[in-house]
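can't give you the sequence, but here's the structure:
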């Protein structure tokens, strides 16, 4: 299974939190990462998005076809991510457009086996794969793409 974690791009400050829109810089960040991903995307890719405006705007830079999942909102956690994506057993690649701290904690869990407060930069994409080698399940970090390096 491929699991892609994409933190929403830069958004304006303010409230209500769920209505915050991307800044012009955030729109450029989302477009850059979306263009990179479009050239490399898994053939069958399920796109799951938090219900906030900024995550939906980030996802729209890549695709208009996505599923809004309420549990992936700013208050979501690793258990919510695991339940929504079906990691590691789902047969379909999954892209999650979401928030800190859940995305960073998920990345930490996948790479170290323990949830920790890791930070995923705004607009960045982390791509993981799961495989079995010699009877052992392994998580592979395929890419980390910060928006300022694409």
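Nice, I can see it. Predicted model, so just to flag it, every value in this text is computed and none were measured.

longest helix anywhere in the chain?
As assigned by DSSP state H, the longest helix anywhere in the chain is helix 24-40.

Which positions within that helix qualify as buried?
26-34, 36-37 (16 or more other CB atoms under 10 Å). (C-beta placed from N, C-alpha, C; glycine too.)

Mind putting the residues you listed into a markdown table with pLDDT?
A markdown table is the format used below for the buried residues of helix 24-40 (pLDDT from 0 to 100):
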| residue | pLDDT |
| --- | --- |
| 26 | 98 |
| 27 | 98 |
| 28 | 98 |
| 29 | 98 |
| 30 | 98 |
| 31 | 98 |
| 32 | 98 |
| 33 | 98 |
| 34 | 98 |
| 36 | 98 |
| 37 | 98 |
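
gap between residue 16 and residue 5?
Counting by CB to CB, to the nearest Å, the separation of residue 16 from residue 5 is 25 Å.

How about residue 27?
Separation of residue 27 from residue 5 (CB to CB) stands at 20 Å.

Check residue 54 too.
Taking CB to CB as the criterion, residue 54 is separated from residue 5 by 15 Å.

Look at those two and report which has more neighbours.
Shown here are residue 54 and residue 5; by other CB atoms under 10 Å, residue 54 has more neighbours (27 against 24).

following the host helix or strand of the more buried one, which helix or strand shows up next?
Secondary structure from DSSP states H and E places residue 54 in helix 53-60. Counting by DSSP H and E, the element after helix 53-60 in chain order, helix or strand, is strand 67-68.

What is that next one packed up against?
With contacts taken as 3 or more CB pairs under 8 Å, 6 or more residues apart in numbering; DSSP states H and E, strand 67-68 sits against strand 45-49.

ok, which stretches of this protein are strands?
Secondary structure of the chain (DSSP state E): strands at 2-7, 45-49, 67-68, 93-98, 125-133, 136-145.

any chance of the ones you listed in JSON lines, with distance to residue 83 too?
Output for the strands of the chain, formatted as JSON lines (distance: least, CB to CB, whole Å):
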{"stretch": "strand 2-7", "distance to residue 83": "13"}
{"stretch": "strand 45-49", "distance to residue 83": "11"}
{"stretch": "strand 67-68", "distance to residue 83": "13"}
{"stretch": "strand 93-98", "distance to residue 83": "12"}
{"stretch": "strand 125-133", "distance to residue 83": "16"}
{"stretch": "strand 136-145", "distance to residue 83": "18"}
